[in-house]
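Engineer: Need the 3D shape of this:
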Amino acid sequence: MQLNRRSTLAALAALPFAAQAQDKPIRLLVGFPAGGGTDAIARLLGEALQASLGTTVLVENKPGAGGQLAAQALKAAAPDGTTFFLSHDHTISILPLVLKNPGFDPAKDFVPVAGFATFANALALSGGTPAASLPDYLAWVKKQVGQGSVGVPAPNSVPEFLVKLLGEKNGLNLLSVPYRGSAPMMADMLGNQISAGVGSVPDLIANHQQKKLRIVAVMGQQRQSVLPEVPTFAELGVTGFEELPYYGLFAPAGTTPAVIERFSNALAGVIAQPGVKARLTELGLSVGMMSSAQLATRERAYAAAWARIIKAGGFQPQ
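Structural biologist: The predicted structure follows:
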């Protein structure tokens with residue numbers, strides 16, 4: 001009897017911490033407000049992961065500073081398999097390039113869990129803007145005084161760099177207006193407070209389909225399957241925005257490989273479910289599983305590409 005008890009205790013000790021603590025809820029951090037594309041993706045995956053893991057998964061929004069607050073919260077979290085961060089490229093790859101002290105170092109403070117999709121950023125026109133295409137919009141801005149305000153979901157972001165490049169390339173005084181996420185930016189677009197906005201296709205697609213705004217150009221090397229009628233920026237003569245950003249999950253440094261593998265496997269199963277994959281595709285994502293190592297490689301390559309663009313543009317970290 002004593003031997004059996006010792007064997008049982010030894011087996012329990014060998015289990016990953018998260019497997020012993022199934023009753024502890026998992027926090028899925030999101031760096032942007034509720035109502036945006038990233039939040040919708042997190043809630044879809046959180047619900048599916050909850051069913052797969054048999055553990056409560058709570059989406060926790062920590063909006064502000066382009067995801068910086070959520071990233072800092074992940075850094076401070078215990079590496080016990082109960083806290084993960086669902087993020088796209090901006091927080092992980094771009095913030096460390098544009099901020100002198102973001103409060104985290106992805107290479108040291110985080111462990112990539114898995115990537116699950118890529119997506120495209122896009123330029124959309126507000127409903128009250130009388131233009132049907134990007135060339136039309138640029139021509140309209142030239143004739144209007146004070147109408148070149150373009151919303152971006154975060155300061156010092158890829159969307160903001162795009163606005164700057166468009167202005168310089170066309171001799172326009174385009175003014176980027178940073179928001180604390182896509183949801184408040186969308187509210188001002190729908191209220192015609194700004195003439196246009198740049199955000200991810202997942203953020204913009206629903207209102208585009210409802211004809212409340214018009215997506216007129218997308219980043220990437222090819223048109224998006226959910227927007228076959230919309231040209232790429234490269235087609236319109238604006239190059240340098242062909243590299244597609246990514247979505248992935250990250251854990252605090254020190255999280256064990258066993259926990260990472262367990263969560264990665266659960267995510268792979270979830271995005272393979274027809275209903276989940278179809279919904280992610282409808283949101284404008286190109287769904288595809290990336291392992292921990294593959295996500296790390298993609299993140300480094302993406303950061304290196306943007307480091308060159310940012311440096312060439314003369315931007316100095318703030």
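
Engineer: Enumerate the strands of the stretch 201-318 of the chain by residue range, in sequence order.
Structural biologist: 213-218, 246-252, 286-290 (DSSP state E, counting those that start in this stretch).

Engineer: Of these, which is nearest Phe110?
Structural biologist: strand 246-252 (4.5 Å; C-beta to C-beta). Every C-beta, even on glycine, is put in place using the N, C-alpha and C of the backbone.

Engineer: which outside residues touch the closest one?
Structural biologist: 38, 41, 74-75, 77-79, 81, 83-89, 92, 106, 109-119, 259-260, 263-264, 267, 285, 290, 295, 298-299, 302 (C-beta atoms under 8 Å, 6 or more residues apart in numbering).

Engineer: rewinding a little: in JSON lines, list the strands of the stretch 201-318 of the chain along with distance to Val201.
Structural biologist: Output for these, formatted as JSON lines (distance: least, C-beta to C-beta, whole Å):
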{"stretch": "strand 213-218", "distance to Val201": "7"}
{"stretch": "strand 246-252", "distance to Val201": "12"}
{"stretch": "strand 286-290", "distance to Val201": "10"}
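
Engineer: Leu86: neighbouring residues, count only.
Structural biologist: By other C-beta atoms under 10 Å, 24 other residues sit near Leu86.

Engineer: sec struct for the closest residue to it other than its chain neighbours, please.
Structural biologist: Nearest non-adjacent residue to Leu86, counting by C-beta to C-beta, 6 or more residues apart in numbering: Ala42, 4.7 Å away. Ala42 falls in the helix class when you classify it by DSSP: H, G, I helix; E, B strand; the rest coil.

Engineer: again with Leu58
Structural biologist: strand.

Engineer: Show me the beta-bridge partners of it.
Structural biologist: Beta-bridge partners of Leu58, counted by DSSP bridges, are Arg27.

Engineer: about what we covered before: export the strands of the stretch 201-318 of the chain to TSV and append columns for mean pLDDT.
Structural biologist: Output for these, formatted as TSV (pLDDT from 0 to 100):
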stretch	mean pLDDT
strand 213-218	98
strand 246-252	97
strand 286-290	96
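
Engineer: Minimum distance to Leu227: which of those strands has it?
Structural biologist: strand 213-218 (6.0 Å).

Engineer: residues making contact with the closest one?
Structural biologist: By C-beta under 8 Å, 6+ apart, strand 213-218 touches 120-127, 131-134, 137, 189-190, 197, 201, 204-205, 207-208, 224, 227, 230-233, 236, 238.

Engineer: if you look at those residues, which of them are in helices?
Structural biologist: 134, 137, 189-190, 201, 204-205, 207-208 (DSSP state H).

Engineer: Which among those count as buried?
Structural biologist: Neighbour-count burial within the ones in helices among the contacts of strand 213-218 applies to 134, 137, 189, 201, 204-205, 207-208; the criterion is 16 or more other C-beta atoms under 10 Å.

Engineer: Of those, which pair is most distant in space?
Structural biologist: Tyr137 and Ile205 (19.0 Å).

Engineer: first vs last residue of stretch 102-119, how far apart are they?
Structural biologist: 24 Å (C-alpha to C-alpha, to the nearest Å).

Engineer: ok so, going back, out of the contacts of strand 246-252, which are buried?
Structural biologist: For those, buried by 16+ other C-beta under 10 Å: 38, 41, 74-75, 77, 79, 81, 83-89, 92, 106, 109-119, 259-260, 263-264, 267, 285, 290, 295, 298-299, 302.

Engineer: Now go through these and say which are in helices.
Structural biologist: Per DSSP H, the buried ones among the contacts of strand 246-252 map to helices at 38, 41, 74-75, 89, 106, 109, 259-260, 263-264, 267, 295, 298-299, 302.

Engineer: ok, the closest residue to Pro202 other than its chain neighbours to Gly151 distance?
Structural biologist: Leaving aside its chain neighbours, Pro202 sits nearest to Gly37 (3.3 Å; criterion: C-beta to C-beta, 6+ apart). Gly37 sits 14 Å away from Gly151, going by C-beta to C-beta, to the nearest Å.

Engineer: just Met290 next, same as before
Structural biologist: For Met290, the distance to Gly151 - C-beta to C-beta - is 30 Å.

Engineer: CA-only coordinates of stretch 288-305 in PDB, if you can.
Structural biologist: C-alpha atoms of stretch 288-305 as PDB (Å, rounded to 0.1, in the frame of the first residue of the first chain):
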ATOM      1  CA  GLY A 288      -1.900  27.900 -40.600                       C
ATOM      2  CA  MET A 289      -0.200  26.300 -37.700                       C
ATOM      3  CA  MET A 290       3.300  27.400 -36.700                       C
ATOM      4  CA  SER A 291       5.300  25.500 -34.000                       C
ATOM      5  CA  SER A 292       7.100  27.300 -31.300                       C
ATOM      6  CA  ALA A 293      10.300  27.300 -33.200                       C
ATOM      7  CA  GLN A 294       8.600  28.400 -36.500                       C
ATOM      8  CA  LEU A 295       6.900  31.300 -34.700                       C
ATOM      9  CA  ALA A 296      10.200  32.400 -33.200                       C
ATOM     10  CA  THR A 297      11.800  32.300 -36.700                       C
ATOM     11  CA  ARG A 298       9.000  34.200 -38.300                       C
ATOM     12  CA  GLU A 299       9.100  36.900 -35.500                       C
ATOM     13  CA  ARG A 300      12.800  37.400 -35.900                       C
ATOM     14  CA  ALA A 301      12.500  37.700 -39.700                       C
ATOM     15  CA  TYR A 302       9.600  40.100 -39.500                       C
ATOM     16  CA  ALA A 303      11.400  42.300 -36.900                       C
ATOM     17  CA  ALA A 304      14.500  42.400 -39.000                       C
ATOM     18  CA  ALA A 305      12.600  43.400 -42.100                       C
END
